[in-house]
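A.B. asks: Here is a sequence together with a model predicted from it:
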Amino acid sequence: MEKEEIHNKEDQNLKDENLELSKDKEAAEETKKEEKEKQISPEDEIANLKDKLARTFAEMENQRRRFEKEKDEAFEYGGFSFARETLNLLDNLERSKQTLESDETIKDKDTLKKLIDHIDIINKDMISIFKKNNIEPIKAINEKLDPNLHQAMMEVEDDTKDQGTIVQEIQKGFMMKDRLLRPSLVAVSKKKADDKHEEKQNDQKNQENVENEPKK
């Protein structure tokens with residue numbers, strides 16, 4: 001009985017070993033098959049290399065163009081931030097001028113006139129320097145409001161102007177070549193509301209409605 005059991009175990013072990021060998025053989029064949037599929041012809045390999053080379057050259061060319069564009073922009077607009085900060089000087093000159101003109105202690109005196117003349121000279125010189133560096137003031141007064149150039153801060157009733165026409169420049173705007181340095185802060189016109197005329201028309205309509213109502 002014991003010999004039979006031992007014999008059965010040996011047979012089972014042999015079967016297990018054969019099964020493992022069979023699996024290993026199948027795995028080896030599968031690996032060879034995959035490696036064979038991965039193998040390409042020399043012509044295909046050359047074509048792949050040409051494609052990779054072309055992609056590399058295209059990427060290098062795109063990068064070169066980006067660098068050229070960034071270099072040109074740095075040359076053209078390198079002083080953009082500096083120019084925008086410098087506009088504060090013009091604003092301060094204008095505020096100083098307004099403050100002096102509203103000062104009653106020196107109003108209508110030669111001293112005030114001389115100060116204003118000097119401020120105007122400095123202002124004109126700065127505008128001239130800006131223009132030499134392609135910085136131009138934006139036209140505003142009597143122009144139609146352009147959201148790309150102007151920023152409306154208030155409305156002013158004015159029947160002599162088309163609605164949306166700029167009638168006052170609160171702060172001057174500037175362009176640097178084709179770029180907006182800062183928008184003009186402006187006041188635009190609007191039509192006067194004729195409240196009395198509208199009220200009279202409403203009263204007339206109400207009266208007509210009452211007269212047209214059927215009598216009970």
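C.D. replies: That came through fine. Quick caveat, the model's predicted, so the values are computed rather than measured.

A.B. asks: Quick one: the helices in the protein, in order.
C.D. replies: With DSSP state H as the criterion, the chain has helices at 2-38, 42-77, 80-101, 110-132, 195-212.

A.B. asks: Out of those, which gets the lowest mean score?
C.D. replies: Sorting the helices of the chain by mean pLDDT places helix 195-212 lowest, at a mean of 56.

A.B. asks: hmm, who's touching stretch 111-127?
C.D. replies: For stretch 111-127, the external contacting residues (CB atoms under 8 Å, 6 or more residues apart in numbering) are 86, 89-90, 93-94, 96-97, 100-101, 103, 106, 137. For the C-beta atoms, the positions are set from N, CA and C on the backbone; glycine is no exception.

A.B. asks: Just the buried ones among those, please.
C.D. replies: Among the contacts of stretch 111-127, those that count as buried by neighbour count (16 or more other CB atoms under 10 Å) are 86, 90, 137.

A.B. asks: just those residues now: which is nearest residue 48?
C.D. replies: Distances from residue 48 to the buried ones among the contacts of stretch 111-127, taken as CB to CB, are shortest for residue 86 (56.8 Å).

A.B. asks: Check the gap between that closest one and residue 80 for me.
C.D. replies: Distance, residue 86 to residue 80, by CB to CB, to the nearest Å: 11 Å.

A.B. asks: repeat for residue 191
C.D. replies: Taken as CB to CB, the span from residue 191 to residue 80 is 39 Å.

A.B. asks: quick one, which of those two is more surrounded?
C.D. replies: Neighbours were tallied for residue 191 and for residue 80 using other CB atoms under 10 Å; the higher tally belongs to residue 80 (16 against 12).

A.B. asks: Number of residues surrounding the closest residue in space to the more buried one that isn't next to it in sequence?
C.D. replies: Closest residue in space to residue 80, ignoring its immediate chain neighbours: residue 176 at 6.0 Å, by CB to CB, 6 or more residues apart in numbering. If you count neighbours by other CB under 10 Å, residue 176 ends up with 19.

A.B. asks: pretty sure residue 84 contacts residue 181?
C.D. replies: Yes: between residue 84 and residue 181 there is a contact under CB atoms under 8 Å: 5.5 Å.

A.B. asks: Count the residues that sit near residue 161.
C.D. replies: With other CB under 10 Å as criterion, residue 161 counts 16.

A.B. asks: got it, and residue 183?
C.D. replies: Count around residue 183 with other CB under 10 Å applied: 20.

A.B. asks: Now do the contacts for it.
C.D. replies: Contacts of residue 183 (CB under 8 Å, 6+ apart): 138, 149-151, 173.

A.B. asks: and the residues you listed, which two are the farthest apart?
C.D. replies: Every pair of these checked by CB to CB; the farthest is 138 and 151, at 10.7 Å.
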